[in-house]
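Participant: give me a 3D structure for the following:
(one chain, ligands or ions: 1)
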Amino acid sequence: MTIILSGKDLAFQAEEDFKKRVSLIKNNSGIVPVLATILVGNDPASETYVKMKGNACERIGMKSIKIELPQETSTSDLLKTINNLNDNEEVSGILLQHPTPSQIDERLCFDAIKINKDVDGVTSLGFGKMTMLEKAYGSCTPYGIMRLLEHYKIPLSGKHAVVVGRSPILGKPMAMMLLNANATVTICHSKTEDLPSIISKADIVVGAVGIPKFIKSEWIKDESVVIDAGYHPEKCGDIDLEGVISRSSAYTPVPGGVGPMTINTLIMQTLESCENQLSLN
Ligand code: NAP
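Facilitator: Below is the predicted model of the structure:
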């Protein structure tokens with residue numbers, strides 16, 4: 001039987017728990033957890049993502065502060081904004097929406113976020129700590145995928161996982177998280193030779209390429225776990241899912257798979273940051 005890894009269902013369930021935890025914080029301390037979002041420029045997709053993140057905060061009773069900066073913002077101006085938020089005690093977490101305009105040194109800006117407010121898991125320090133199995137907030141999309149795999153009790157230990165994509169926010173942390181869960185991991189990218197043959201040996205395939213239906217169903221072996229992190233305007237992901245769903249042991253639908261878990265993980269980590277600040281856990 002094929003398991004549908006429904007991020008939509010898991011995120012819905014998790015939000016019920018988050019609402020209770022936010023109420024507890026409010027009742028005990030009068031404090032409301034706050035996520036500060038920074039959007040630079042006016043990319044429509046980024047605007048939508050930031051709005052969805054703000055809406056998720058509202059649904060569970062948290063507050064979001066929305067900072068919008070013009071397209072021509074400089075790195076130093078963005079750093080000032082980040083530093084102000086780092087120093088603002090009311091702010092539990094900071095999200096800098098990726099991608100930023102090309103004149104911005106995005107890595108420098110990500111790394112300026114204080115580690116205890118890095119609820120999107122984008123800093124180099126957070127990545128290093130996570131890799132070394134130290135406490136750190138996870139990069140939200142891969143960590144959301146790990147939560148989904150754990151919830152549906154998908155075995156990872158000893159399995160061959162193939163991650164297609166090596167971006168700093170998705171492919172690389174995904175590979176490290178799977179490695180830390182004792183999977184044997186192969187990371188593929190644009191220079192990889194004979195991708196179909198590597199994918200054909202995978203027990204778990206993660207598509208994080210950014211090209212609609214790039215990974216063909218015939219490359220994927222029967223009974224694999226198929227994780228599609230992509231989402232494109234034509235409502236498909238990075239994997240040609242249709243041809244593999246019935247042969248897979250588990251798969252993430254698009255939409256309703258990985259996407260809801262990314263936002264859910266962001267608000268979960270913002271809540272955790274607030275709880276940590278108040279030493280409630
Ligand atoms: P990205 O930064 O553009 O990275 C894409 C990766 O794919 C790169 O590592 C690239 O390799 C690799 N790649 C490109 N062409 C390839 C090819 N022909 N063969 C093998 N690998 C290839 O993208 P991203 O930010 O990681 O996002 C990946 C996907 O996830 C996108 O569809 C995006 O929309 C989606 N996403 C979803 C969420 C969510 O919440 N659901 C969040 C973030 C991203 P090189 O390194 O060699 O260039």
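Participant: just give the nearest non-adjacent residue to Lys172, would you?
Facilitator: Taking CB to CB, 6 or more residues apart in numbering, and ignoring the residues beside it in sequence, Lys172 has Arg166 as its nearest neighbour in space, at 5.4 Å. Any C-beta I mention is one placed from the backbone N, CA and C, and that applies to glycine too.
Participant: and Asp118, by the same measure?
Facilitator: Beyond its immediate neighbours in the sequence, the residue positioned closest to Asp118 (CB to CB, 6+ apart) is Gly126, lying 4.9 Å away.
Participant: any idea how far the ligand is from the residue nearest to Lys172?
Facilitator: For Arg166, the distance to the ligand under the criterion CB to the nearest ligand atom, to the nearest Å works out to 4 Å.
Participant: how about the residues of the stretch 101-250 of the chain by the ligand?
Facilitator: Residues of the stretch 101-250 of the chain found near the ligand (CB under 6 Å from any ligand atom) are 141, 164-167, 169-171, 188-192, 195, 208-211, 229-231, 238.
Participant: which other residues reach the longest helix seen in the chain?
Facilitator: For the chain, the helix reaching the highest residue count under DSSP state H is reported as helix 7-29. When contacts are defined by CB atoms under 8 Å, 6 or more residues apart in numbering, helix 7-29 is touched by residues 31-33, 56, 59-62, 144, 147-148, 151, 252, 255-261, 263-264, 267-268, 271, 274-275, 278, 280.
Participant: Tyr152: what's it in contact with?
Facilitator: By CB under 8 Å, 6+ apart, the contact list for Tyr152 reads 3, 5, 250.
Participant: and with 10 Å instead?
Facilitator: For Tyr152, the residues meeting the contact criterion (CB atoms under 10 Å, 6 or more residues apart in numbering) are 3-6, 10, 225, 250, 252.
Participant: and the longest helix of the chain, what's buried?
Facilitator: Of the residues in helix 7-29, those scored as buried under the neighbour-count criterion (16 or more other CB atoms under 10 Å) are 7, 10-11, 14-15, 18, 21-22, 25.
Participant: before we move on, what about stretch 228-245?
Facilitator: 228-231, 236-241, 244.
Participant: and after the longest helix of the chain, which helix or strand comes next?
Facilitator: From helix 7-29 onward toward the C-terminus, using DSSP states H and E, the following helix or strand is strand 34-40.
Participant: ok, the nearest residue to Asp228 once chain neighbours are set aside - contacts?
Facilitator: Nearest in space to Asp228, with sequence neighbours left out and distances taken as CB to CB, 6+ apart, is Gly237 at 3.6 Å. Contact partners of Gly237, counting by CB under 10 Å, 6+ apart, are 207-209, 211-215, 226-231, 252-255, 257-259.
Participant: ok, now Asp43?
Facilitator: Neighbouring residues of Asp43 by CB under 10 Å, 6+ apart: 49-50, 71, 97, 99-101.
Participant: gap between it and Ser102?
Facilitator: When distance is defined by CB to CB, to the nearest Å, Asp43 is 12 Å away from Ser102.
Participant: among the buried residues of stretch 228-245, show me the least confident.
Facilitator: Least confident of these in the model: Tyr231, at 92.
Participant: correct me, but that residue touches Met261?
Facilitator: No: the pair Tyr231 and Met261 does not pass the contact test of CB atoms under 10 Å, sitting 11.9 Å apart.
Participant: quick check: the residue nearest to Asp228 vs Lys26, distance?
Facilitator: Going from Gly237 to Lys26 by CB to CB gives 38 Å.
Participant: again, but for Asn42
Facilitator: For Asn42, the distance to Lys26 (CB to CB) stands at 34 Å.
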